[in-house]
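[1] Sequence first, predicted model second:
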Amino acid sequence: WLILDIEEVFPLAEPLAVLRCLMSSRSGMEIEPRLLRSAGEISAEPVFIAGIYANKKLIGQG
């Protein structure tokens, strides 16, 4: 089996900048990151869910 680290294959130091460039060059869309949900902000392990919007439509989250 060949095991690869995705960050070594596709090094993305600035993933948001890469996505903005890709979306604007291919479709002319502007993207906007937004915080969708959060939990445990004052705990030792807070969780944040961010979304990426293009033309006011949610296209991804994580």
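    Done, it's in.
[2] pLDDT on whichever strand or helix holds Leu22, on average?
    Assigned by DSSP states H and E, Leu22 belongs to helix 15-27. What helix 15-27 shows for mean pLDDT is 88.
[3] Skip ahead from it and say which helix or strand is next.
    Once helix 15-27 ends, the next helix or strand along the chain (criterion: DSSP H and E) is strand 31-39.
[4] and that following strand, how far from the chain's centre?
    Mean-position distance between strand 31-39 and its chain equals 10 Å (Cα atoms, centre = their mean, to the nearest Å).
[5] quick one: buried residues of that strand?
    Ile31 (16 or more other Cβ atoms under 10 Å). C-betas here are computed from N, CA, C, even on glycine.
[6] packing partners for it?
    Judged by 3 or more Cβ pairs under 8 Å, 6 or more residues apart in numbering; DSSP states H and E, the packing partners of strand 31-39 are helix 15-27, strand 47-54.
[7] Out of these, flag the one nearest Leu36.
    With respect to Leu36, and counting by Cβ to Cβ, the nearest of those is strand 47-54 at 4.6 Å.
[8] re earlier: could you identify which of the helices and strands packed on strand 31-39 is most buried?
    Among the helices and strands packed on strand 31-39, ranked by average contacts under mean count of other Cβ atoms under 10 Å, first place goes to strand 47-54 (a mean of 14).
[9] could you say what helices and strands that one packs with?
    Here strand 47-54 touches helix 15-27, strand 31-39, strand 57-61, going by 3+ Cβ pairs under 8 Å, 6+ apart.
[10] can you give me the angle the helix holding Leu22 makes with strand 31-39?
    Following axes from the mean of the first three to the mean of the last three Cα atoms, to 10 degrees, one obtains 140 degrees for the angle between helix 15-27 and strand 31-39.
[11] Please find the angle between the direction vectors of helix 15-27 and strand 47-54.
    Interaxial angle, helix 15-27 versus strand 47-54 (the same axes, to 10 degrees): 20 degrees.
[12] got the CA positions of helix 15-27 in PDB?
    Extracted in PDB, the C-alpha atoms of helix 15-27 (Å, rounded to 0.1, in the frame of the first residue of the first chain):
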ATOM      1  CA  PRO A  15      -6.100  27.500   1.500                       C
ATOM      2  CA  LEU A  16      -8.600  30.400   1.500                       C
ATOM      3  CA  ALA A  17      -6.500  32.400  -0.900                       C
ATOM      4  CA  VAL A  18      -6.100  29.400  -3.200                       C
ATOM      5  CA  LEU A  19      -9.900  28.800  -3.200                       C
ATOM      6  CA  ARG A  20     -10.600  32.500  -3.800                       C
ATOM      7  CA  CYS A  21      -8.200  32.500  -6.800                       C
ATOM      8  CA  LEU A  22      -9.700  29.300  -8.200                       C
ATOM      9  CA  MET A  23     -13.300  30.400  -7.900                       C
ATOM     10  CA  SER A  24     -12.800  33.800  -9.300                       C
ATOM     11  CA  SER A  25     -10.700  32.500 -12.300                       C
ATOM     12  CA  ARG A  26     -13.100  29.700 -13.200                       C
ATOM     13  CA  SER A  27     -16.500  31.100 -12.500                       C
END
